[in-house]
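Asker: The following block contains a protein sequence and its predicted model.
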Amino acid sequence: MEYSEVLKFAGGRIWRGDTALELGLVDKLGSLDDAIDSMVTKLELEDYKVFSYNTEVEFEFDFNLLIQNKLPSQIQDLLNKI
């Protein structure tokens, strides 16, 4: 995909799988295991390990990450004191 074409879809937006497929942003739909299998095949790997790191994140933490770069610094300072 040409860079000019990428700019039409860029901007931090999130696309549903079927829409991303229609737009040519992904080659095919599948699971995480499908993606790993595809990469193993493409890279011709014989010996590899997959590590999963599961962490629980509280909603407040996620919310703060979403807003921290969008609010004026005075509001951010107040939120940090809470």
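Answerer: Nice, thanks for sending it over.

Asker: any weak-confidence spans in the chain?
Answerer: 57-72, 74-76 (pLDDT under 70).

Asker: one more time with 90, if that's ok
Answerer: The chain contains residues with pLDDT under 90 at 1-15, 23-26, 48, 50-82.

Asker: can you give me the helices in it?
Answerer: 3-9, 17-23, 32-42, 59-67, 73-81 (DSSP state H).

Asker: In CSV: the ones you listed, plus mean neighbour count.
Answerer: Just so you know, the C-beta spots here come from the backbone N, C-alpha and C atoms, and that holds for glycine as well. Shown next, in CSV, are these (neighbours: other Cβ atoms under 10 Å):
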stretch, mean neighbour count
helix 3-9, 10
helix 17-23, 12
helix 32-42, 11
helix 59-67, 10
helix 73-81, 10
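
Asker: Of all these, which one comes closest to residue 53?
Answerer: helix 32-42 (13.1 Å; Cβ to Cβ).

Asker: on that earlier part again, including distance to residue 50, could the helices of the chain go into JSON lines?
Answerer: Listed next are the helices of the chain as JSON lines, based on distance: least, Cβ to Cβ, whole Å:
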{"stretch": "helix 3-9", "distance to residue 50": "29"}
{"stretch": "helix 17-23", "distance to residue 50": "21"}
{"stretch": "helix 32-42", "distance to residue 50": "6"}
{"stretch": "helix 59-67", "distance to residue 50": "25"}
{"stretch": "helix 73-81", "distance to residue 50": "37"}
